[in-house]
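Asker: Need a 3D model of the sequence below.
(one chain, ligands or ions: 1)
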Amino acid sequence: MIRFDHITKQYPGTTRPALNSIDVEILRGEFVFLVGASGSGKSSCLRLMLKEEKPTSGSIHVLGQNLRSISNRKVPYFRRNLGVVFQDFRLLPNKTVYDNVAFSLQVIGKSRGFIQEAVPDTLQMVGLAEKSHRFPHELSGGEQQRVAIARAIVNKPQILLADEPTGNLDPTTSAGIMSLLASINAAGTTVVMATHEAGIVDKMKRRVIELSGGQIVRDERQGGYATTAINTIVSAADAAASATALANGGLAPVVVSAAIAQAASEALTYPSIPIPVAVPAAAPAEAPAAASWAENMAAEQAQQAELAQAQHELQARAEAQALAEAQAQAEAQAQAEALAHAQSLAQQAQALQVQAQAAALAAVAAQAQLSKPAQQPVPAAAADVPSAEPTLPDESGRSMTRPAFPVTQHEVTEQLTLAEKLGLRAPGASPDQTGEQIVGPTR
Ligand SMILES: Nc1ncnc2c1ncn2[C@@H]1O[C@H](COP(=O)(O)OP(=O)(O)OP(=O)(O)O)[C@@H](O)[C@H]1O
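Answerer: Numbering: from 1, shown residues only. Modelled structure (predicted):
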């Protein structure tokens, strides 16, 4: 079902390979634990099985297909046969339990009728039928992982890959999840699970493949977590023999490499005896393909990108609106200030006008004072002040207009001759050239 032949995987920029010449085969219907220290290569194995990564050398067969021969275009279709579960659940937060599970079917184009039948069945299986309308944040961690498992198996994949599925859960909840995975396996799905949980591995007593430094250091049937002995090495050829045996309907023999069989025999916790391997009935031809995790994730990422874009646009719109409002407010304030300024100027102008009028009146009054008998002194300050032509009341109360001329001292002190004063000569007429005073009526 899954076969690694001399697989080496070295990531770019690293000096040591993450996986170093791995040979292993996992048979149909097996439940296999991948164990090992952090960095030993467990997740790399799962990613290679999914064709998320390509091996540096060697070949991988999954479901009878050489992964190297699957074009990128066909990878999504290949992945429909695999379900994937992760430690951090990776549910769509804005979708209900039902919609999270249904979504993986929608993205691969399943009919509404199929979805309406498959989703409730699967939720029933994982014990969440009653909570199908809840959102992920309304569920416990264990319940969220059940949703993730439901999503991974709703299309009945032949292989379920689980990377630390109980890593975020307490022991009791983990036990429930393991029980669920065991029942899924019992129904015929091959399960490969990477884990650090010794208690789970010890209790389940399934096949254990231990990695260390990118190499398989243990491959044990019905193994425990803590066993460090290398008791069984299953080579590709050995596995092929096992597969043949299975295909013939027999039990899968564990073929022990002769070189290590003796050394291992003393340390075996679980004897390497042939064990029955559940071989599921072949899936019906019309059985629906499973939604791949990669597709789900791609769709999820696209949706999240869409959400982020929408949020970005909303924020930009809100900012633009706030800016427009601030501008409008600033303009209104500027207008109000301009208006207030204009009013202030108008008031000042009015005050100045009043002052000017008062000054003009004062000037006129001063001139009126000056126009009285010439002997009266004229205030020096008013002497040079020109003025408009004010209208003043005369003695009879009628208005009269008087041109406003500068008043000079000369005019004030002007002396009439005696003849002029007596009316014997017109003011300004020349006296007689003879020097005689001519007495007579004026002309
Ligand atoms: N994309 C990558 N680029 C470079 N190195 C990587 C990459 N992915 C994994 N590695 C390295 O490959 C090695 C194996 O990593 P891997 O994730 O497979 O280990 P693991 O056993 O799953 O670890 P853990 O239990 O911590 O998840 C590690 O040394 C890791 O640093």
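Asker: Get me the contact residues on this protein for the ligand.
Answerer: For the chain, the residues in contact with the ligand (CB under 6 Å from any ligand atom) are 11, 14, 18, 36, 38-44. From N, CA and C alone the C-beta is placed, and that goes for glycine too.
Asker: Now do the closest residue in space to G142 that isn't next to it in sequence against A351, distance only.
Answerer: Distances taken as CB to CB, 6 or more residues apart in numbering put T173 closest to G142, at 3.5 Å, once the chain neighbours are dropped. Going from T173 to A351 by CB to CB, to the nearest Å gives 86 Å.
Asker: from memory G58 sits against S21, does it?
Answerer: Yes: judged on CB atoms under 8 Å, G58 makes contact with S21 at a distance of 7.3 Å.
Asker: Now the common contact residues for those two.
Answerer: Contact with both G58 and S21 is made by residues 6-8, according to CB atoms under 8 Å, 6 or more residues apart in numbering.
Asker: from the residues you listed, which would you call buried?
Answerer: Using 16 or more other CB atoms under 10 Å as the burial test, the shared contacts of G58 and S21 include 7-8 as buried.
Asker: Which members of the residues of the chain next to the ligand are positioned in helices?
Answerer: With helices taken from DSSP state H, the overlap with the residues of the chain next to the ligand comprises 42-44.
Asker: returning to that earlier point: G58 and S21: which has the busier surroundings?
Answerer: G58 (18 against 15; other CB atoms under 10 Å).
Asker: The more buried one belongs to a helix, doesn't it?
Answerer: No: using DSSP: H, G, I helix; E, B strand; the rest coil, the assignment for G58 is strand, not a helix.
Asker: circling back: list the residues that contact the residue nearest to G142.
Answerer: The contact partners of T173, taken as CB under 8 Å, 6+ apart, are 140-142, 145, 166.
Asker: Can you go through those residues and name the buried ones?
Answerer: The neighbour-count test (16+ other CB under 10 Å) applied to the contacts of T173 identifies 141-142, 145, 166 as buried.
Asker: What segments of the protein are strands?
Answerer: 2-9, 19-26, 31-36, 57-62, 65-66, 82-86, 159-163, 190-194, 207-212, 215-220, 391-393, 399-401 (DSSP state E).
Asker: Quick one: low-confidence residue ranges for the stretch 251-400 of the chain.
Answerer: For the stretch 251-400 of the chain, the stretches flagged by pLDDT under 70 are 251-319, 372-400.
Asker: doesn't N185 make contact with F31?
Answerer: Yes: between F31 and N185 there is a contact at 4.6 Å, judged by CB under 8 Å.
Asker: Would you mind listing the residues touching both of those two?
Answerer: Jointly contacting F31 and N185 under the rule CB under 8 Å, 6+ apart are V191.
Asker: quick one, helices of the protein?
Answerer: Applying DSSP H to the chain gives helices spanning 42-49, 75-79, 97-106, 112-125, 141-153, 171-186, 198-204, 236-247, 258-267, 293-370, 380-383, 409-412, 418-422.
Asker: export stretch 17-31 as PDB, just CAs?
Answerer: Coordinates of the C-alpha atoms in stretch 17-31 are reproduced here as PDB (Å, rounded to 0.1, in the frame of the first residue of the first chain):
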ATOM      1  CA  PRO A  17      19.600  14.300   5.200                       C
ATOM      2  CA  ALA A  18      16.300  14.200   7.100                       C
ATOM      3  CA  LEU A  19      15.800  10.700   5.900                       C
ATOM      4  CA  ASN A  20      18.700   8.500   5.000                       C
ATOM      5  CA  SER A  21      18.100   5.500   2.700                       C
ATOM      6  CA  ILE A  22      14.800   4.400   4.100                       C
ATOM      7  CA  ASP A  23      13.300   1.100   3.100                       C
ATOM      8  CA  VAL A  24       9.900   0.200   4.500                       C
ATOM      9  CA  GLU A  25       6.500  -1.100   3.400                       C
ATOM     10  CA  ILE A  26       3.200  -0.600   5.100                       C
ATOM     11  CA  LEU A  27       0.400  -3.000   4.100                       C
ATOM     12  CA  ARG A  28      -3.200  -2.500   3.500                       C
ATOM     13  CA  GLY A  29      -5.200  -2.300   6.700                       C
ATOM     14  CA  GLU A  30      -2.200  -1.800   9.000                       C
ATOM     15  CA  PHE A  31      -2.100   0.600  11.900                       C
END
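Asker: What subset of the residues of the chain next to the ligand is buried?
Answerer: Buried among the residues of the chain next to the ligand (16+ other CB under 10 Å): 18, 36, 40-44.
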